[in-house]
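S.K.: Provided below for reference: sequence and predicted model.
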Amino acid sequence: RAIRLRQTFEHVGGTFVKIGQQMSSRLDFLPQRYCEELAVMLDRYPPFPTQQAIERIERATDKPLAETFSEFDPEPIGSASIACVYQARLRATGEKVAVKVRRPGIRELFEADFRVLDWLGSLVEALTLVRPGYTGGIRAEFRTALNSELDFQREGRLGELFRRRASKTKEHAFTAPRV
């Protein structure tokens, strides 16, 4: 049953994968076996075709891939519900980099999923299965969290801020990659 639940979330995709990922940490809500199975979606989500990633990179850089990178590994080193990450080497500097590419259509899929979740939330409130207004706050919080995950520029700024602050600590036990 746990495997079927994970596979159902993966099949529906989008926001439902994120819901499954959130549920994976809820041992207070689900049995441990379900949490373990849903946790598979945290870092072992099936990748999208590499050719689509290359097309997105070329569109973003307005250059053929070979002009930007001297090497580009077509096998992702990470694949999650929002993006895949690839290893590459910058042509200009020779620096080894990680290239994070958002899944095609993921923002539109999230928006469509939220329309469904908004409708379902309104329905369960109208049927008085939960108190009126209960699901609105949860949905708003989840929507904000997902939108921030889609904002790679914000993620980059926060990573840079973390890296700078971490470099000022005495221990130097942790850092973040330069963006």
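M.R.: Perfect, thanks for sending it. Numbers count the residues shown, from 1 in each chain.

S.K.: tally of neighbours for R4?
M.R.: For R4, the neighbour count with other Cβ atoms under 10 Å is 9. (Glycine included, C-beta is placed from N, CA and C.)

S.K.: list the helices and strands the helix or strand containing it packs on?
M.R.: Taking DSSP states H and E as the definition, one finds R4 inside helix 2-12. Helix 2-12 sits against helix 15-23, helix 32-43, with contacts defined as 3 or more Cβ pairs under 8 Å, 6 or more residues apart in numbering; DSSP states H and E.

S.K.: got the angle for the last one vs helix 2-12?
M.R.: Using axes from the mean of the first three to the mean of the last three Cα atoms, to 10 degrees, one finds that helix 32-43 and helix 2-12 are set 30 degrees apart in direction.

S.K.: nearest to G105, of the helices and strands packed on helix 2-12?
M.R.: helix 15-23 (12.7 Å; Cβ to Cβ).

S.K.: helices and strands around that closest one, which ones?
M.R.: Right, helix 15-23 is packed against helix 2-12, helix 32-43, helix 106-126, helix 134-150 by 3+ Cβ pairs under 8 Å, 6+ apart.

S.K.: closest one to R178 among those helices?
M.R.: Nearest of those (Cβ to Cβ): helix 134-150, 20.8 Å.

S.K.: give me the contact list for the next helix or strand after that closest one.
M.R.: Beyond helix 134-150 on the C-terminal side, the first helix or strand identified by DSSP H and E is helix 152-167. Helix 152-167 is contacted from outside by 83, 100, 102, 148-149, 172, 174-179, using Cβ atoms under 8 Å, 6 or more residues apart in numbering.

S.K.: and stretch 65-82, by the same measure?
M.R.: 13-14, 17-18, 21, 41-47, 50, 53-54, 57-58, 61, 84-91, 94, 98-99, 102-103, 106, 149-150.

S.K.: Y86: neighbour count?
M.R.: 24.

S.K.: quick check, it in a helix?
M.R.: No - applying DSSP: H, G, I helix; E, B strand; the rest coil, one finds Y86 to be strand, outside a helix.

S.K.: okay, and the closest residue to it other than its chain neighbours sits in which element?
M.R.: Closest residue in space to Y86, ignoring its immediate chain neighbours: V99 at 4.7 Å, by Cβ to Cβ, 6 or more residues apart in numbering. In the assignment (DSSP H and E), V99 maps to strand 96-102.

S.K.: I'd say I3 and E36 touch.
M.R.: No - assessed by Cβ atoms under 8 Å, I3 is found out of contact with E36, at 10.4 Å.
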